[in-house]
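Participant: With the input below, show me the fold.
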Amino acid sequence: MREYEATIAHSSGQLPHGVAQPTLSPSEINSLRKEAGIIDQTIGTLEKQLLQLKSRRNSIHVKLSSLVYPVNTLPVEVLCHIFRETVSSSILSEVNATLLSITAVCQMWRSVAIADPHLWTKTCYILRAPIANYHDPLFYHFLKRTQGLPIVVYIDERGSAECSLPPALFDSCRQWTEADLSDADRDGHDFRSFRLRSPDTVLELPNLTKLTLDIDTSTQYHVYQTFSNAPRLRELAISYPNLVLNLGFPVHQLQKLTILHSTSCRQVLFLLPHLRVLEELVIESYLSNDANANQHIIEMRLLTTLHLLGADTCALLRHLSLPHLTTLGLANFDHHDAGVLIPGCLLRSSANVTSLSLTNSYYTDFEEVFRSPILRTSVRNWTVKSLKATGREMKALAALLARADFLPNLESLNLLMLSPLLLRPFLDGLRRRVANSVSRGLRHELKLRQLLVQLSGGMSAEDTRLLRELQQSLDFL
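Facilitator: Presented below is the predicted three-dimensional model:
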């Protein structure tokens, strides 16, 4: 038994009871102390070296992370991708300059760029007025490098409103997949005309899917079939609606139509019955209300998106039935539009508008839009851009937004180009709405999750804080 206890004591590092601990001589003690001191010094030295090594390692990592390797060492595929992204991000009038800049860097870049036909598929045709029959040599030089691939074409008329679209431009039309035949600078002028080699010319447009054609309606066009052979054309933006039929566009297949300039309600109503598969209609400018009083209602069964952006464009709603309308954009509308024409069309159509955009409106008209219960309950995505309101109206706006029954199904709100002063009533109203929902235990009924803000001026620190807190509250719901 004593042997067993002694074994346990020994294995645990303890001496057996009654066994004397070994003694050390003074010299041995001094030796051990010196050894411990040396070890401490070594540890200190190693720890210092370790810190130095860690610091050096971090410094190396920083240098490596900021190191820019010579671009010419990149694989050709990566260089091509960089070149394409550069061209894609260039503004339209600078596309040609960007392409020339890439090929001017060095012989290697030039060789890589020329060998990639996809790089040249976005290009700009330069018009030179008043040179008759001008042929842009750079455009056709670039066109050869596409090796027949479909191209995207833009126009740059270099500041002259007297330009016409020359016949030479249309020589490349077989390759067009998108063409913007309007002033690339958007200076407000439209082209006076376009000229073909023969009035009876029918353009071959096998790849064309999207076209913008901005020409003057004062030029006398008879009923031609100029653009009839475009089997893939789905999106058309044109200066005036009468040109759609006069130039032979395949109206039976158009899915999106944009009218660029001021026109008459009668011309638009004359065209609409021909657009049997139209899904989106945009009227960008003023619309004169000259429709007959006995004009019958036109039903656009497939139309889902309607943007009425010019003054008096809401007059069109008096004559339409839009049973499948889901997206509605309104700008420059007045109190009569908001209170009579808009709800009248929606009720007649039994439409379920889920996305609503209101631009350049006064608060009184803005508020009138939502008096219609059909909009108040259906809208899920709401965009407000450039709202005008007085101080009293801003308080009314905050109170309106705080109500749980105002747009109860709203999921996303976009506030674009608002003045910084107008942001606060939106924030105050939404914060009160969130607080009311939480206090009543109804947070699950608040569906708003996405809030996007883009102001016309800088945002104050206080508004930034409130916006951050509001977004956090919405994320928490």
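Participant: so residue 140 touches residue 169, yeah?
Facilitator: No. Using CB atoms under 8 Å, residue 140 is not in contact with residue 169; the gap is 10.2 Å. In this view, the C-beta of every residue, glycine as well, is placed from N, C-alpha and C.
Participant: So if I had to pick from the two, which one is more boxed in?
Facilitator: Set residue 140 next to residue 169 and count neighbours by other CB atoms under 10 Å: residue 169 wins out with 22 against 14.
Participant: I'd say that one and residue 125 touch.
Facilitator: Yes. Counting by CB under 8 Å, residue 169 does reach residue 125; the two are 5.6 Å apart.
Participant: Quick check, pLDDT for residue 423.
Facilitator: The model reports residue 423 with a pLDDT of 92.
Participant: just residue 390 next, same as before
Facilitator: Here the pLDDT value assigned to residue 390 is 93.
Participant: likewise the one 10 residues further on?
Facilitator: At residue 400, the pLDDT value in this model is 94.
Participant: 32 is where my numbering starts, stick with that
Facilitator: Right, with 32 as the first residue, what we last looked at is residue 431.
Participant: check contacts around it.
Facilitator: Residue 431 is in contact with 398, 401, 437, 460, counting by CB atoms under 8 Å, 6 or more residues apart in numbering.
Participant: before we move on, what about residue 60?
Facilitator: Here residue 60 is in contact with no residue (CB under 8 Å, 6+ apart).
Participant: and the gap between it and residue 67?
Facilitator: According to CB to CB, to the nearest Å, residue 60 stands 11 Å off from residue 67.
Participant: and the protein, what are its domains?
Facilitator: 101-151, 153-292, 322-410, 413-508 (automatic domain parsing).
Participant: still on that earlier bit, which of the contacts of residue 431 has the most neighbours?
Facilitator: Going by other CB under 10 Å, residue 460 tops the contacts of residue 431 with 21 neighbours.
Participant: Using the three-state scheme, assign that one.
Facilitator: helix (DSSP: H, G, I helix; E, B strand; the rest coil).
Participant: Please list all residues in contact with residue 269.
Facilitator: 243, 244, 245, 275, 280, 288, 289, 290, 291.
Participant: mind pulling up the phi and psi values for it?
Facilitator: Backbone torsions for residue 269, taken as degrees, to the nearest 10, come to phi -140, psi 150.
Participant: Flag the shaky bits of the stretch 382-508 of the chain, pLDDT-wise.
Facilitator: Filtered on pLDDT under 70, the stretch 382-508 of the chain yields the residue ranges 474-475, 508.
Participant: can you give me the helices in it?
Facilitator: Ranges of helices in the stretch 382-508 of the chain, per DSSP state H, counting those that start in this stretch, are 394-400, 404-409, 422-433, 451-470, 492-507.
Participant: From residue 447, how far off is residue 486?
Facilitator: Between residue 486 and residue 447 the computed distance is 9 Å (CB to CB).
Participant: Repeat that for residue 329.
Facilitator: Residue 329 is 32 Å from residue 447, by CB to CB.
Participant: So what's the residue count around residue 151?
Facilitator: Look at residue 151: counted by other CB under 10 Å, it has 21 neighbours.
Participant: any residues in contact with both of residue 200 and residue 156?
Facilitator: With CB under 8 Å, 6+ apart, residue 200 and residue 156 have common neighbours residue 167.
Participant: Okay, residue 205 and residue 239: tell me how far apart.
Facilitator: Residue 205 sits 9 Å away from residue 239, going by CB to CB.
Participant: Repeat that for residue 176.
Facilitator: In terms of CB to CB, residue 176 sits 21 Å off from residue 239.
Participant: So which of these two has more stuff around it?
Facilitator: Regarding residue 176 and residue 239, a neighbour count based on other CB under 10 Å identifies residue 239 as having more, with 26 against 19.
Participant: Over to that one. Which of the three states is it?
Facilitator: With three-state DSSP as the basis, residue 239 sits in coil.
Participant: shaky segments in the stretch 32-181 of the chain?
Facilitator: For the stretch 32-181 of the chain, the stretches with pLDDT under 70 are 32-53, 97-100, 160-165.
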